[in-house]
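Enquirer: Fold the following, please.
(one chain, ligands or ions: 1)
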Amino acid sequence: MNDPLPIDRAARAEKIIASAHHYKVCEGCDSIVSERVATCPNCYGYRFDEESENVIAQARLLGAREQRSVTAQDLL
Ligand SMILES: [Zn+2]
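Expert: As a prediction, the model looks like this:
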């Protein structure tokens, strides 16, 4: 989860939305993680929301948030 460019984040969000059933949302930190993980790699939480609708909503939210937080470094 360390993509260097904002465009990659947007592409990743699109990919998640396209195959939401392969992902789930961590209830601890709202990260989107692979459905295969047993614990969240970010916060080590073990409670997940696996509803595709909620994964899609969260992917859209994260994509929008990351676009708004573009820094000078991102524009280089
Ligand atoms: Zn988490």
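
Enquirer: quick one: the nearest residue to residue 32 once chain neighbours are set aside from the ion, how far?
Expert: Of all residues not flanking residue 32 in the chain, residue 23 sits nearest, at 5.2 Å (Cβ to Cβ, 6 or more residues apart in numbering). Where you see a C-beta, it was placed from the backbone N, CA and C, and this is true even at glycine. Between residue 23 and the ion the distance is 13 Å, computed by Cβ to the ion, to the nearest Å.

Enquirer: What number of neighbouring residues does residue 23 come out with?
Expert: Each residue near residue 23 was counted by other Cβ atoms under 10 Å, and the total is 23.

Enquirer: got the contact list for it?
Expert: Going by Cβ atoms under 8 Å, 6 or more residues apart in numbering, residue 23 touches 16, 32, 33, 34, 35, 55, 59.

Enquirer: Show me which residues of the protein are close to the ion?
Expert: Residues of the chain lying close to the ion by Cβ under 5 Å from the ion are 26, 28, 29, 31, 40, 42, 43, 45.

Enquirer: so who does the first one touch?
Expert: Read it as residue 26. Taking Cβ under 8 Å, 6+ apart as the definition of contact, the neighbours of residue 26 are 32, 33, 40, 42, 43, 45, 47, 48.
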